[in-house]
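>>> Have a look; sequence and predicted model below, questions after that.
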2 protein chains.
Amino acid sequence: MTKQDIGVWDVCTNSALRRASRQLSQLYDDVLAPSGLKITQFSLLSQIWRSGDASLKTLADLMVMDLSALGHTLKPLIRDGYVELVPDRNDRRVKRVELTPLGARKQEEALALWTEAQTRFEKSYGKAQSDALRKSLNIIAGSSFADAFRNA
Amino acid sequence: MTKQDIGVWDVCTNSALRRASRQLSQLYDDVLAPSGLKITQFSLLSQIWRSGDASLKTLADLMVMDLSALGHTLKPLIRDGYVELVPDRNDRRVKRVELTPLGARKQEEALALWTEAQTRFEKSYGKAQSDALRKSLNIIAGSSFADAFRNA
DNA sequence: GCTATTTAGTGGTATATGCCAGTAAATTGA
DNA sequence: TCAATTTACTGGCATATACCACTAAATAGC
């Protein structure tokens, strides 16, 4: 029975996390499709808006993303005119990530679709459960958790 | 306060999921590094072992992964001699995914490292919480959840 | 003030993952 | 039995994400 009935995701938290990510991103992507944005891109645009004119480094840290990965991920958004990288005046190493007006409009347009998706999620999974789940996930994404893990 | 203090991950379950995935995969990858496998590859090898000689399609469904995505992801593992695709005798469309002896050895070798990572996770996050989290994630990854979401 | 070190980004390469179009094999239906 | 449909897989292209090596700029130490 063991080998057949139990999947890695029943045992490995990371597998479970990635597997759930694939499914949920799929579901959100389907809802977002009319906007032409994927949920990853919408999240990024939203966070860029929230963070004002954060530097690439700052944004990468917030997103818990590798700096170069963020750079690559931004490329399509820059190409499509939603995002701009503005060199900092004081520190010439730094580039600030900004939404263009077009990007802001696009984010707003997609927001309605995202709300739809989020609502469906909460209807299916439960509002309280959703809130609790996000909190759990945000603990895992935090730097204190990473420290704890590394020292455990 | 709003814009600055709250990240997308505080609002969007999908963002929270992906962000936590990035961090956790990172942490597991670091522990697995000596084996030369990433946690994604280890998970796949483990599931292939568990599933016996499942077809690509079956495995993709189990992993909640696109069929072609699975094919792509297997390529490095096939190239390195850990996995083999064996054509089915009865249905010539079907290919069965099998671990080679080398792949079995590699998975076993990495298992010790994975156990270390999993143990650290449970020490940092809590054993009961980990179990509960996996259950939650597996609900989200399930097909009944997808149906519920789509009909919500 | 100058050198050593640290910090921020870029570009290349590799894996992870999805969509679409195409092919071949099996199955269904008249 | 044979054409229409469905199923399983492949290959090409695109995004997501990481590592590494490299460059340029700032900063710390002396």
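Arrived safely.
>>> residue ranges with poor pLDDT in chain A?
For chain A, residues meeting the criterion pLDDT under 70 lie at A:1-4.
>>> Within range of DNA strand C, give me the residues from it.
Selection of chain A residues close to DNA strand C by CB under 7 Å from any atom of the strand yields A:18, A:22, A:25-26, A:29, A:55-57, A:60, A:67-68, A:71-72, A:85, A:91, A:93-96. In this view, the C-beta of every residue, glycine as well, is placed from N, C-alpha and C.
>>> Report the buried members of these.
Buried subset of the residues of chain A next to DNA strand C (neighbour count, 16 or more other CB atoms under 10 Å in any protein chain shown): A:18, A:22, A:25, A:26, A:29, A:55, A:56, A:60, A:71, A:94, A:95, A:96.
>>> Now, the residues you listed that are in strands?
A:95, A:96 (DSSP state E).
>>> what are the ranges of the strands in chain A?
Along chain A, the stretches classed as strands by DSSP E are A:83-87, A:95-99.
>>> Is the last one in proximity to DNA strand D?
No: using CB under 7 Å from any atom of the strand, we find that strand A:95-99 stays clear of DNA strand D, coming within 11.1 Å at best.
>>> Now residue A:113: closest residue in space, sequence neighbours ignored.
Sequence neighbours aside, residue A:32 is the residue nearest to residue A:113 in space, at 5.0 Å (criterion: CB to CB, 6 or more residues apart in numbering or on different chains).
>>> Return the most buried member of the strands of chain A.
Compared across the strands of chain A, strand A:95-99 shows the largest average neighbour count, a mean of 20 (mean count of other CB atoms under 10 Å in any protein chain shown).
>>> Just want the angle from the longest helix along chain A to strand A:83-87.
Longest helix in chain A, counting residues (DSSP state H): helix A:101-125. Angle of helix A:101-125 versus strand A:83-87, following axes from the mean of the first three to the mean of the last three CA atoms, to 10 degrees, is 120 degrees.
>>> roughly how far out does helix A:101-125 sit from the chain middle?
How far helix A:101-125 lies from its chain's middle: 13 Å, per CA atoms, centre = their mean, to the nearest Å.
>>> quick one, it and strand A:95-99 angle?
70 degrees.
>>> Next, see if stretch A:18-29 gets close to chain B.
Yes: Stretch A:18-29 reaches chain B (CB under 8 Å from any CB of the partner chain) through A:18, A:19, A:20, A:21, A:22, A:23, A:24, A:25, A:26, A:27, A:28.
>>> Go through these and name the one nearest DNA strand C.
Checking the residues of stretch A:18-29 next to chain B against DNA strand C with CB to the nearest atom of the strand, the nearest one is residue A:22 at 3.7 Å.
>>> Run through the residues that contact the residue nearest to the closest one when sequence neighbours are not counted.
Closest residue in space to residue A:22, ignoring its immediate chain neighbours: residue B:64 at 5.2 Å, by CB to CB, 6+ apart. Residues near residue B:64 by CB atoms under 8 Å, 6 or more residues apart in numbering or on different chains: A:19, A:22, A:23, B:141.
>>> Just among those, which is most surrounded?
Highest neighbour count within the contacts of residue B:64, by other CB atoms under 10 Å in any protein chain shown: residue A:19, with 26 neighbours.
>>> if I look at that residue, how far off is residue A:43?
19 Å (CB to CB, to the nearest Å).
>>> do residue A:91 as well
Distance from residue A:91 to residue A:43, by CB to CB: 27 Å.
>>> Then residue A:89?
Residue A:89 is 29 Å from residue A:43, where distance means CB to CB.
>>> what about the two, which has more around it?
Between residue A:89 and residue A:43, residue A:43 has the larger neighbour count (other CB under 10 Å), namely 25 against 8.
>>> surely that one meets residue B:8?
Yes: using CB atoms under 8 Å, residue A:43 is in contact with residue B:8, at 5.0 Å.
>>> Touching both of these two, which residues are there?
residue B:15.
>>> tell me the centre residue of chain A?
The residue lying closest to the centre of chain A (CA atoms, centre = their mean) is residue A:43, at 4.7 Å.
>>> Quick check: closest non-adjacent residue to it.
Closest to residue A:43 by CB to CB, 6+ apart is residue B:15, at 4.3 Å.
>>> Next one: that neighbour relative to DNA strand C, how far apart?
For residue B:15, the distance to DNA strand C equals 16 Å [CB to the nearest atom of the strand, to the nearest Å].
>>> cool, and residue A:48?
13 Å.
>>> again, but for residue A:39
Taking CB to the nearest atom of the strand as the measure, residue A:39 falls 11 Å from DNA strand C.
>>> In this structure that residue contacts residue A:32, no?
Yes: between residue A:39 and residue A:32 there is a contact at 5.6 Å, judged by CB under 8 Å.
>>> Thank you kindly, that will do.
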